[in-house]
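Engineer: the following comprises the amino acid sequence and a computationally predicted model.
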Amino acid sequence: MKKLYQQQEWKEHSMSVAQKRLKRRKIDKLLRQGESESVHAPHRVHRYDINFQSKKQQISRSRIESPNVLDIVDETEQTLFFIDRIVAYASKKEAVFLDLSKVSKLSPETLLYILSIFDDLEATYGYLNVEGNMPDDKSCRDMIISSGFLEYFETQIPQNGNSDNITKIMSDRLVDGRFASEAKQFAMANIKGKSPREYRAIYEMMIECMSNTIGHAYISRKYDKGDMNKWWFIAYNSQTESKINFAFLDSGAGIAKTIYTTHKEKARQVMNQIMSIMSVDTTHQEFDKLLILSALRGEFRTRTRYGYRGKGLPKMYFHNQNGTIHDLKVISNFGYVNCQNSQAENLSRQFKGTLLTWSFS
Amino acid sequence: MLQVTINIANDFSKTPGARTKKEGPHSGQEFREKFLEKYFSDPSKPSLVIILDGADGYATSFLEEAFGGLARQFGRDEVLSRIQFISHEDSILIDEIKGYINEANS
């Protein structure tokens, strides 16, 4: 009997897989070459079927009303619940209408998360049919326009809302110092009188974040989305305090799934996954926050197992501990870690990817 | 003894990137290959003066791959004896780099 790999069918299948892989590599390479030319994101605008002002099509769509507060950092559970509802409809390829009219508090971090989720949905299902309206609240509306969020959608709303208080949303698939430089310039323009060393910390934070995304977040095959392997970034001036906030996001596997874990920890992770499938109770997910804390503290969590690697997250933690930056928060999978007060919490819903936020004052 | 001065901001990039070339432009690997290795392979064994001032910042991965990577190739003692660092803006940076060189084989 012929062995499987010697059969004609297997050979044809192998050839087909190899050709597809080669084609994707070529496309990836072309995209990478093209994208490194320019600094300002978005490099590739994904225009979803969305019109924030359309009224006539609302009837045929599943309407999802937003809560008053959409803040993925301060109201994480509520915001995740809202976004999970979008995902649930979109994954069934249903047309959705997002009613944002009642939103009175909207954080820029939430906009990043929505964009990454939409990208994710498009990568997974190849199709996304979402419409929505704008918040009635003027400050939320202004923030949406100034952030460049609408540039990712088809819309009639004028998008000439540049502001000194907020950067445009940046996104890319590479580590590029020019983005980090832009973040540093924003810090220098808004917070005066700091030392060169302190401003440089902003640059370093950005490079570390981009590097972690490219090097680790999408490393597993399950989370590798080809040209959708992106990071997202925004910086903005706090309205109430004299500080600026930074947010960096990727929609990869999450810290707990990409760092080194012992066999015992791996077994526990598998148990947790089984339990999450079998029950709605997520208290067993407390493991994620412990792994995030451990990675931040530099407890030899590098996947590479080289002692000279895995210094990025500990350096960020160090910048926070020595007061160069403040309020470093990490949200990833089911873990929420606030480095400022060393608090770590469990989330009842999964955050898809990793969000790092910090402030500078 | 021949001495070569390399100003990273002027000669390489004001915006140094991450560790490897595949991660993006101006990586530590690129800097090591283009600027450091050729002088370390030179039989005349020139000493190097690296000026760190003027760049927007340095990520740990850039510094580790450039200088730690060099130490993995040519040996810790050789690297420490032939490179002199200058940083008027941030003297702690020099200690940090020396730390990466010392721990290069860990």
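Structural biologist: Cool, the structure landed.
Engineer: up against chain B, what does the stretch 151-300 of chain A have?
Structural biologist: Applying CB under 8 Å from any CB of the partner chain, one finds that the stretch 151-300 of chain A approaches chain B through A:174-178, A:180-181, A:184, A:196-197, A:199-204, A:207-208, A:210-211, A:214-215. Heads up, the C-betas are built off the backbone N, CA and C, glycines and all.
Engineer: switch to 6 Å and redo it
Structural biologist: A:174-178, A:181, A:184, A:196-197, A:200, A:203-204, A:207-208, A:211, A:214 (CB under 6 Å from any CB of the partner chain).
Engineer: state the distance from the residue in the stretch 51-200 of chain A that chain B sits nearest to to B:Phe62.
Structural biologist: Nearest to chain B, among the residues of the stretch 51-200 of chain A, is A:Gly177, at 2.8 Å (CB to the nearest CB). Using CB to CB, to the nearest Å, A:Gly177 is found at 9 Å from B:Phe62.
Engineer: same thing with A:Leu100?
Structural biologist: Using CB to CB, we find A:Leu100 at a distance of 41 Å from B:Phe62.
Engineer: A:Ser66 now?
Structural biologist: 41 Å.
Engineer: more neighbours: the two, which one.
Structural biologist: B:Phe62 (30 against 23; other CB atoms under 10 Å in any protein chain shown).
Engineer: so the more buried one: helix, strand or coil?
Structural biologist: Recorded secondary structure, B:Phe62: helix (DSSP: H, G, I helix; E, B strand; the rest coil).
Engineer: near the closest residue to B:Arg19 other than its chain neighbours, how many other residues are there?
Structural biologist: Nearest residue to B:Arg19 in three dimensions, chain neighbours excluded: B:Ser61, at 3.8 Å (CB to CB, 6 or more residues apart in numbering or on different chains). Number of residues near B:Ser61 (other CB under 10 Å) recorded here: 31.
Engineer: over to A:Glu122?
Structural biologist: A:Glu122 is flanked by 16 other residues according to other CB under 10 Å.
Engineer: run through the strands of the chain in chain order.
Structural biologist: Because you didn't say which chain, this covers chain A. For chain A, the strands defined by DSSP state E cover A:62-65, A:69-70, A:96-99, A:105-106, A:130-132, A:170-172, A:231-237, A:244-250, A:326-338, A:343-360.
Engineer: I was after chain B.
Structural biologist: B:3-7, B:47-51, B:83-86.
Engineer: taking strand B:47-51 as reference, get the angle to the lengthiest helix in chain B.
Structural biologist: As assigned by DSSP state H, the longest helix anywhere in chain B is helix B:92-102. Helix B:92-102 runs at 140 degrees relative to strand B:47-51, counting by axes from the mean of the first three to the mean of the last three CA atoms, to 10 degrees.
Engineer: ok, residues contacting helix B:92-102?
Structural biologist: For helix B:92-102, contacts defined as CB atoms under 6 Å, 6 or more residues apart in numbering or on different chains pick out B:52, B:63-64, B:67-68, B:71, B:76, B:79-80, B:85, B:87.
Engineer: how does it look with 8 Å?
Structural biologist: With CB atoms under 8 Å, 6 or more residues apart in numbering or on different chains as the test, helix B:92-102 has contacts from A:197, A:308, B:52, B:58, B:60, B:63-64, B:67-68, B:70-71, B:76, B:79-80, B:85, B:87.
Engineer: do the same with stretch A:102-111
Structural biologist: A:65-74, A:79, A:100, A:135-137, A:140, A:143-144, A:147, A:149, A:166, A:169, A:234, A:236, A:245, A:247, A:249, A:355, A:357.
Engineer: please name the residues that touch A:Asn190.
Structural biologist: Contacts for A:Asn190 (CB under 8 Å, 6+ apart) come out as A:164-165, A:237, A:244.
Engineer: and if we set it to 10 Å?
Structural biologist: Residues in contact with A:Asn190 (CB atoms under 10 Å, 6 or more residues apart in numbering or on different chains) are A:164-165, A:235-238, A:242-244, A:360-361.
Engineer: then A:Leu296?
Structural biologist: A:Leu296 neighbours (CB under 10 Å, 6+ apart): A:255, A:313-318, A:320-321, A:328, A:330, A:337, A:339, A:344.
Engineer: among those, find me the one that's closest to chain B.
Structural biologist: For the contacts of A:Leu296, the residue nearest chain B by CB to the nearest CB is A:Lys315; the value is 5.1 Å.
Engineer: wait, that closest one sits on A:Met205?
Structural biologist: Yes - proximity of A:Lys315 to A:Met205 meets the contact threshold set by CB atoms under 10 Å, at 8.3 Å.
Engineer: which neighbours do those two share?
Structural biologist: Common neighbours of A:Lys315 and A:Met205 (CB under 10 Å, 6+ apart) are B:Ala59.
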